[in-house]
Structures are given as structure tokens and as C-alpha cells.
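# what's the 3D shape of this:
(2 chains)
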Amino acid sequence: MRSNKKLMRLAAVAVILGAVGALGISYQPGIQPIARPAATSFDRRQVADGARLTAIGDCIVCHTVEGGKPYAGGRSLPTPFGTLYTTNITPDEATGIGSWSFEAFRRAMGKGVSQDGRHLYPALPYEHFTHVSDTDLRAIYAFLMMREAVHAEAPANDLIPPLGFRPLLAGWKLLFLRQGPIVADASKSADWNRGAYLVEGLGHCGGCHTPRNLAGGEEVSRAYGGGFAEGWVAPPLNGRNPSKEPWTAQSLFVYLRTGMEARHSVAAGPMGPVVRDLAAVQEEDVRAIATYIASRMTGTTSAVTSSEPVDRREAAAAQFPEAAALFAGACAGCHDRGAPMMGQGRPALANVTSIQLGAPDNVAQAILSGVVSPLDRRTPYMPAFGASLTDQQIAGLVNYLRARFSDRPAWQDVATRITDIRKSGEGR
Amino acid sequence: MTIELKVNGRSVSVHADPATPLLYVLRDDLALNGAKYGCGLGQCGACTVHVDGRPVFSCVTPVAAIGGRSVRTIEGLGTLDKPGILQAAFEQEQAAQCGYCIAGMIMRAQALLERNADPSEAEIRAYMRTNLCRCGTHMRILRAVKRAAIMLKDARTETGAVQ
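Numbers count the residues shown, from 1 in each chain, chains lettered A, B, ... in the order given. Below you'll find the model as predicted:
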């Protein structure tokens, strides 16, 4: 008993010491506010560079609410830990970052600490942004400081306790934040190295395409193994990518630059805004990103040996006769063999990556909500079928498509997943 | 096969292949010719009707998918003598030029106003995006939808005053 009590006391002391130590590590001083920098303090070329870099970082997507002013924040980000609201990064001094010095901006991007010393949630992907060079950070800072200042306070976050207590984030950073530049690989081309810098840093592709652990950190050992984003599957960007036609630097470039690649897919869901941004940056940077991603995708062998496209129309119809009739009435006009659309270089369903993935979400999303071109009608428009077909009917179609166009195992619990997507409002 | 449908509040029975587009059944079997065949690919909206109150492209909706759900077409909104509020608003704004898209436009707008009685201009534009007009009367169509929203509000106020 006595030794037990002693142990308890020791443990309590250890916990208190640990907490004090953690608070010590977690403490970050505020950085002196400044007057909003004058427009003349920035070089025009620097601002133009910043515009392109900000596009590669996709900053506008999270930091703009639907229908709102660019970069004024307020968009809700649902996470497994509750809902976060993005902040205003326009140069408004009261509610934005107008009073932030470059030092404060650099610390936020590289260490995830706000100007006032509060820790920022890793929804801001600083574990990637920490790799961005000072020159590029200065350009992004200049670009943001030249935006229209918008007075907009972000709504308060709504997180499960105790995650509203920000000092805890210091612990998260100890585990997942690896600071420092991306080390160049001299054995690889300049193009590849540029791609690695953009993908691992500003582009933060791993934010969606790498699976996350229970603490919300990216599982580095399974880098680019595929993840989830906003109700969509972010497909693997490593050797486990299940596309029928292997991706190459060229096909990735076409996909990222135009939003469609004839032997694979159309960019949809959260990938739409990425393509919209990449259509506006320098071509060399998109080529570099494609080169680097392509090299990661050929790293290991695919889980399936046969990669020839399949189209088992009769077998699938025998297995799912009702869905086959729905397909004939709702889908065949565009997607079946010989349909006019197929003569225009559109991806055939037998090639579409979504039908080969491990989960049915992307196929279900496309049917429920349709596919709207991120580039103002330069890629195909697919109407939504969420109002005309029931969950059971869509589930039937999804199962039929898998059986007809893939040699991978059937998906499980498709109807439940569709109901969930509809309920969550992720599909409309 | 024989398919039972509920259209504009009436129960009907038609003989059709299950994959037949709802649009063909409405026009060819039920003589409800308001909904139009435009592209046949769900890209233009001329065929828009409601299924359980939600707008669908009837050209890519297989008739077998309807089941027990109720279908409403423009004929269900009103008649020549007694037009519905949206029909009256479109007429007052002279929103039709050739008129081919109008039945679809009205059904789409009807679904919008049933969900949101007082939509902003941006909301109307966003919602009506799926429906195309090749004559270019979009501005009149927008005005007609806004007028219908005002007429609805007035109708509600009057009802309120009576009560």
C-alpha cells in the first residue's frame, strides 16, 4: 500500500512536471504588430511571383467562403475532431494579417504559430509549408499584402474538448512537424527537384493523398498511399494507384493543367479547385510537379497484375439487371460504346480511375452531384442524378459499374455510404 | 412491361421498356408535351420536370426509376385560364422568345422558389445554371423569376390579411 501511494505521488509529480515542461515548449512569444506595409514597399515582380506561388499553394480555396471575398476566410473545415473555420489572410489590420510583419508570417507558415503566439491548427498544412524557401515566402507575403483588405472575423472553431486548448498543439508538432528545407537529390534532374520542392512544400499534395493516423498526422511511412478529402477519395499517388493505364509525367501534366486526361479521368470534387489554380501558373512548374509525382507512382508494383481495361457488359447485366436498365436509360447516352461523347476524347468508363479505387465514394459522388468543370466548361459537364435516382438505385449502378469495368473485388456497403454522403451534405 | 406512375396528381399506367426516358413517356404516352427534348444528354434542361418536388432532367431519367414517387410537369402548375404564379410572371415579363426552353426554366425556377421564397440574384443565377436558352432571353428569365418571388410574397401577405 505504502509503496503504491509513493508511486502514485511520483506519478503525479511526473505528470505535473511534464505539463509544466510541455507548457514551456508550447510557449511562443507574440510578435510586435506593424502598420500595414505600403504598396510601394514591394517589388512588382515579387508580387507577380507571389501570385503564382499562392496559386500552387491553393491558399484561396480554404481561405475563401463560398460566394465570399477572396482570402477573407470563414470557410468551415469539417475534421474528425470538430469544425475549424479558416482565417482572414487579407491585409486588414484588425481581422486579417495586415499588422503581421514578414517574421510573423514566416513563423506561421514554418512553425504554425500565430502573430500573437497562439499555436495554429494543422489544418494550415505547416508541416509542408515549413519547407518553403524564404524567397518564396517573401513573394507570397508581398502578394497577400497587396490584396484588397477585407474586414471579416472568422467564426469561432467548434472542436471536441480538450482540443480547443491550443498549447496541446505543441505536442502534435513534436510528433509531426519536421522543419527545414527539402534536400535536393543530385542524382535527379532539376525538373524533378523543382517538383519535389513544390509537391512536398507549397503544393502540400500529401495533405489529402497521404493517409492520416488517429492523431491527424500524415503517415510518413505510407506517403502518397491515398487518403480522404471532403467526402472524396484522394487516390494513391504511389505504386498502388489502380489506374488501368499507368500514369506518366505527360498524362499527369495534361490532367493537372487541363482538368481532363483521356485515358484516366476528369478532375472533380476537391481536385477541381487545384486544377483551376494550376491552369494559371507557369507551365514549367506544372511539368515539374508531374515529373515528381510520376516518379513516385512508378516506385512500387501495383497490387493487381492485370491492368487491361475490361468491359463485361453481359456478365454485369446478368448480376445487376435493374441497374443495367438504369444505366441504359440514364448513362448510356454519354458513356456507352459508340456514344457521341466517346468520339470526343472523353475518358471511357473502362479507363476511369474512380471505378478502380478501393472505395466507391468518388463514383457515388459523381452520380449524386454530377461533375462540374473547374475551368468554366472547358471539360465535360455531367448532370447530377441525386434527385432522379434513389440511394438504392445509385448503389445498384455503382455496383454494376464496378462489376462491369473492373476486375477488382466488389465494394461493400455501397448503399450505406451513399446515404451517409447525402446526409452529410457532401453530395447534393 | 407495365409501369404505374403518379403524374400531376393522377395515377396512370403505361407500357414501356424500363430504360425508356421519362420524357418519352410523358410526351408520347401521356400527351404532356410541355417538357421538351433538347439534347437528350442532360446538358440543356429543356426537359426539366419534378420528381417528388425536386427538378430532374427527364431525358436521362429512366421511367423505371420513378417507382412510387410523384412526377410534376408544367401542366401541373396551371392552365391557360388559370396560370400558376411562375407561368404568369414569365408571361408578364415576356420571357419567352422561341419558348423551347421555357417549360424547363419554369420547372427549375418553381423548385427554387419552393425551397427559397426570396432568392438573391446570385442564388437565382447559380440555381438556373443547368438550364440553357439559345435565344438569349436570360435577362428576362431572371426578371421573371424575381417577379414571381414578389408575386408569391404578395399572395402570402394577402392570405395573411384575410386570416
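# mind saving the C-alpha coords of stretch B:95-104 as PDB?
Extracted as PDB, the C-alpha positions of stretch B:95-104 are listed here (Å, rounded to 0.1, in the frame of the first residue of the first chain):
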ATOM      1  CA  ALA B  95     -39.600  35.900 -71.000                       C
ATOM      2  CA  ALA B  96     -40.000  33.500 -74.000                       C
ATOM      3  CA  GLN B  97     -38.600  34.100 -77.400                       C
ATOM      4  CA  CYS B  98     -38.800  30.800 -79.200                       C
ATOM      5  CA  GLY B  99     -40.100  29.300 -76.000                       C
ATOM      6  CA  TYR B 100     -38.400  25.900 -76.300                       C
ATOM      7  CA  CYS B 101     -36.500  26.100 -73.000                       C
ATOM      8  CA  ILE B 102     -39.300  27.800 -71.100                       C
ATOM      9  CA  ALA B 103     -41.100  24.800 -69.600                       C
ATOM     10  CA  GLY B 104     -37.800  23.600 -68.200                       C
END
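# what about that stretch, near chain A?
No: judged by CB under 8 Å from any CB of the partner chain, stretch B:95-104 and chain A are separated, with a smallest distance of 12.5 Å. Backbone N, C-alpha and C define where each C-beta goes, glycine included.
# which residues touch that stretch?
For stretch B:95-104, contacts defined as CB atoms under 8 Å, 6 or more residues apart in numbering or on different chains pick out B:34-36, B:38, B:44-48, B:73-74, B:89-90, B:105, B:131-137, B:140-141, B:143-144.
# and those, which of them are in helices?
Judged by DSSP state H, helices contain the following of the contacts of stretch B:95-104: B:89-90, B:105, B:140-141, B:143-144.
# now, which of the residues you listed sits nearest chain A?
Looking at these and their distance to chain A, the nearest is B:M105, at 15.8 Å (CB to the nearest CB).
# what's the weakest-modelled helix or strand in the chain?
As the question left the chain open, I've gone with chain A. Least confident helix or strand, chain A: helix A:2-26 with a mean of 61, by mean pLDDT, DSSP states H and E.
# dump the following helix or strand past that helix to PDB, restricted to CA.
Per DSSP states H and E, helix A:2-26 leads on to helix A:44-56 as the next helix or strand towards the C-terminus. Output of helix A:44-56 as PDB, limited to C-alpha atoms (Å, rounded to 0.1, in the frame of the first residue of the first chain):
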ATOM      1  CA  ARG A  44       6.100  44.300 -58.800                       C
ATOM      2  CA  ARG A  45       7.900  41.100 -59.900                       C
ATOM      3  CA  GLN A  46       7.900  39.800 -56.400                       C
ATOM      4  CA  VAL A  47       4.100  40.300 -56.200                       C
ATOM      5  CA  ALA A  48       3.700  38.500 -59.600                       C
ATOM      6  CA  ASP A  49       5.800  35.600 -58.300                       C
ATOM      7  CA  GLY A  50       3.700  35.600 -55.200                       C
ATOM      8  CA  ALA A  51       0.500  35.300 -57.200                       C
ATOM      9  CA  ARG A  52       1.800  32.100 -58.900                       C
ATOM     10  CA  LEU A  53       3.100  30.600 -55.700                       C
ATOM     11  CA  THR A  54      -0.100  31.400 -53.900                       C
ATOM     12  CA  ALA A  55      -2.000  29.500 -56.600                       C
ATOM     13  CA  ILE A  56       0.300  26.500 -56.300                       C
END
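# now helix A:44-56: mean pLDDT?
Helix A:44-56 carries an average pLDDT of 97.
# over to stretch A:259-277?
Rounded mean pLDDT across stretch A:259-277 is 93.
# ok, that stretch near chain B or not?
No: Stretch A:259-277 lies apart from chain B when judged by CB under 8 Å from any CB; the minimum separation is 14.8 Å.
# buried residues in that stretch?
Going by neighbour count (16 or more other CB atoms under 10 Å in any protein chain shown), the buried part of stretch A:259-277 is A:259-277.
# for the stretch 251-400 of chain A, what lies in contact range of chain B?
A:322, A:325-326, A:328-331, A:333-334, A:341, A:381-383, A:385, A:387-390, A:393.
# weed out the non-buried ones from these.
Counted by 16+ other CB under 10 Å, these give A:322, A:325-326, A:328-331, A:333-334, A:341, A:382-383, A:385, A:387-390, A:393 as buried.
# on that earlier part again, among the buried residues of stretch A:259-277, name the ones in strands.
In strands, defined here by DSSP state E, the members of the buried residues of stretch A:259-277 are A:260-261, A:265-266.
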